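> the sequence and its predicted three-dimensional model are supplied below.
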Amino acid sequence: MSDHRPQILVIDDEPQIHRFLGPALDAAGYEPIRADNGRDGLAAIVNNACDAVILDLGLPDMDGKQVLTRAREFYDGPILILSARDMEMEKIKALDLGANDYVEKPFRVGELLARLRVAMRHRSGHIVTPTVVTAGDLEVDLVKRLVTRSGAPIRLSPREYALLARLVEGDGRVLTHQQLLSMVWGPAHANDIQYLRVFMGHLRQKLEADPSSPRYLVTESGVGYRFVAD
């Protein structure tokens with residue numbers, strides 16, 4: 001009897017996506033399931049014990065965000081969005097509606113698989129963030145509220161530390177501007193993106209070897225930021 005392989009449902013109307021992604025998922029140890037439109041995708045989520053869903057926003061029969069909204073009524077597993085590069089507002093809406101992450105078309109399979117692994121670690125919110133997170137020469141101790149680089153302590157303001165901690169706790173997920181602003185400054189400041197840009201600039205100056213080309217505090221253009229511990 002073969003071991004259970006995680007089932008990944010791919011909802012996309014482009015045959016070439018399935019031809020490309022199906023074998024890639026299979027080679028990575030997953031069992032791909034195919035759906036070509038939103039209606040079939042929702043039925044597949046109901047009828048299969050899907051471990052994760054990869055959802056295209058541009059479907060022929062219904063908006064991908066509708067599929068996401070309906071799926072979230074009964075499915076709490078990871079949902080990754082596939083989107084075109086110029087659809088920033090669509091990505092933000094999808095993340096706010098409950099998507100775990102997104103990958104831009106055209107995408108590299110390695111990037112998609114990495115995002116998929118991160119999202120699956122967060123399934124149902126059962127992830128436990130380590131108390132000490134290391135990324136290269138950077139170390140963040142979330143219990144002691146201590147940040148060091150190459151062993152030397154880095155002084156952060158309370159707000160800078162709060163912003164960094166939320167990103168670190170994201171464990172590789174993208175957090176939208178609005179999510180970060182609400183968590184760190186409060187809901188009343190959810191649209192004050194300039195606050196966020198200023199503080200991200202301060203953090204990069206203090207934490208990155210090259211602030212103009214950040215390695216850990218990565219911008220997701222038009223959407224938000226993620227902390228990458230590579």
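Received the coordinates, thanks.
> count the neighbours of residue 45 for me.
Burial of residue 45 is recorded as 23 neighbouring residues (other Cβ atoms under 10 Å). Where C-beta positions appear, they are placed from N, C-alpha and C, glycine not excepted.
> what backbone torsions are found at it?
Main-chain torsions, residue 45, degrees, to the nearest 10: phi -60, psi -40.
> next up, the contacts around it.
Neighbouring residues of residue 45 by Cβ atoms under 8 Å, 6 or more residues apart in numbering: 9, 53, 71, 74, 75.
> what do you get if the cut-off is 6 Å, keeping everything else the same?
71, 75 (Cβ atoms under 6 Å, 6 or more residues apart in numbering).
> with residue 21 as the reference, measure out to it.
The spacing between residue 45 and residue 21, counted by Cβ to Cβ, to the nearest Å, is 17 Å.
> next one: the helix or strand containing residue 134 to chain centre, how far?
Using DSSP states H and E, residue 134 sits in strand 132-135. Offset of strand 132-135 from its chain centre (Cα atoms, centre = their mean, to the nearest Å): 19 Å.
> and for stretch 135-155?
The answer for stretch 135-155 is 24 Å, by Cα atoms, centre = their mean.
> does anything pack onto the longest helix that the chain contains? Which helices or strands?
Ranked by residue count and defined by DSSP state H, the top helix of the chain is helix 193-207. Here helix 193-207 touches helix 158-169, helix 177-184, going by 3 or more Cβ pairs under 6 Å, 6 or more residues apart in numbering; DSSP states H and E.
> domain-wise, how is the protein divided?
7-125, 132-227 (automatic domain parsing).
> need those in TSV with mean pLDDT, can you?
Converted to TSV, the domains of the chain look like this (pLDDT from 0 to 100):
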stretch	mean pLDDT
domain 7-125	90
domain 132-227	92
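> hang on, the earlier thing: and the contacts of the very next helix or strand once past the strand holding residue 134?
Beyond strand 132-135 on the C-terminal side, the first helix or strand identified by DSSP H and E is strand 138-141. If you take Cβ under 6 Å, 6+ apart as the criterion, strand 138-141 is touched by 132, 133, 147, 148, 149, 168.
> can you pull out the strands in this protein?
7-11, 31-35, 52-56, 79-84, 101-105, 132-135, 138-141, 146-149, 152-153, 175-176, 217-220, 224-227 (DSSP state E).
> distance to residue 41 and mean neighbour count added to those strands, as CSV?
Formatted as CSV, the strands of the chain follow (distance: least, Cβ to Cβ, whole Å; neighbours: other Cβ atoms under 10 Å):
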stretch, distance to residue 41, mean neighbour count
strand 7-11, 3, 24
strand 31-35, 4, 19
strand 52-56, 7, 24
strand 79-84, 10, 22
strand 101-105, 16, 20
strand 132-135, 35, 15
strand 138-141, 38, 20
strand 146-149, 43, 17
strand 152-153, 50, 9
strand 175-176, 24, 20
strand 217-220, 25, 18
strand 224-227, 26, 23
